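K.L.:
take this sequence and fold it.
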Amino acid sequence: MDFRTEFRPLTVQPQQIEAKSFQIIDEEIGEHAFTHDQYPIVQRVIHASADFALGKSLLFHPNAVEAGIQAIRSGKKVVADVQMVQVGVNKARIEKFGGSVHVYISDPDVIEEAKRLNTTRAIVAMRKAVREAEGGIFAIGNAPTALLELIRLIKEGEARPGLVIGLPVGFVSAAESKEELAKLDVPFITNIGRKGGSTVTVAALNALSILAERG
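P.N.:
All right, here's what the predicted structure looks like:
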């Protein structure tokens with residue numbers, strides 16, 4: 001295919017582009033301490049961000065991958081903090097096992113309660129989510145306040161997630177909220193620093209659903 005540019009792409013076939021991308025990641029990642037089960041998640045995060053430093057900053061609770069796979073295979077709910085995460089998740093693979101993907105931040109009752117309490121919708125949405133998604137996967141890629149509220153609810157025994165994917169991005173409380181998550185003895189996937197975001201949260205979740213599907 002001729003794009004009338006000086007640069008000629010190696011291929012325009014989607015599967016070949018993905019395979020070549022993973023090959024480049026394998027060649028360039030260098031030494032790392034990730035396990036065989038963790039690496040596919042790291043690989044997908046790098047693929048989604050083109051950022052090796054971000055991928056290599058990931059932290060895993062020892063039971064995170066197995067817990068995530070079991071939550072998906074058991075048809076547990078997936079809770080996203082924002083619609084961007086919900087839109088990007090491969091819902092067909094989640095629904096194949098009976099699960100579903102939910103986001104509560106735009107629910108009318110959440111909006112009304114946040115106004116009444118003069119707090120963020122992300123915080124109120126987490127309070128609603130833990131009542132409806134026990135044992136589920138909480139995928140937080142945007143709002144540090146959502147992650148901080150979930151951590152509080154876990155500490156107080158009000159939340160019992162199957163897995164927390166906590167990868168919010170930003171300059172205010174993002175890095176600190178992830179440091180707090182990494183202190184908990186619950187299955188989690190997080191990272192060190194300010195980087196993160198909805199895209200990489202989706203990548204981590206989609207990698208888990210692929211692993212769940214492979215059996």
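K.L.:
what packs against the lengthiest helix in the chain?
P.N.:
In the chain, taking DSSP state H as the definition, the longest helix is helix 198-214. Judged by 3 or more C-beta pairs under 8 Å, 6 or more residues apart in numbering; DSSP states H and E, the packing partners of helix 198-214 are helix 39-49, helix 64-73, helix 83-88, helix 91-96, strand 137-140, strand 163-166. To be clear about C-beta, it is placed using only N, CA and C from the backbone, and glycine gets the same treatment.
K.L.:
can you list these in JSON lines and add distance to residue 179?
P.N.:
Listed next are the helices and strands packed on helix 198-214 as JSON lines, based on distance: least, C-beta to C-beta, whole Å:
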{"stretch": "helix 39-49", "distance to residue 179": "19"}
{"stretch": "helix 64-73", "distance to residue 179": "16"}
{"stretch": "helix 83-88", "distance to residue 179": "21"}
{"stretch": "helix 91-96", "distance to residue 179": "29"}
{"stretch": "strand 137-140", "distance to residue 179": "14"}
{"stretch": "strand 163-166", "distance to residue 179": "10"}
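K.L.:
quick one, which of the ones you listed is nearest to residue 107?
P.N.:
helix 83-88 (11.7 Å; C-beta to C-beta).
K.L.:
tell me the mean pLDDT over that closest one?
P.N.:
Helix 83-88 shows a mean pLDDT of 96 in the predicted model.
K.L.:
go on, stretch 194-211?
P.N.:
Stretch 194-211 comes out at a mean pLDDT of 97.
K.L.:
centre of the chain to that stretch, how far?
P.N.:
Mean C-alpha position of stretch 194-211 versus that of the full chain (C-alpha atoms, centre = their mean, to the nearest Å) differs by 4 Å.
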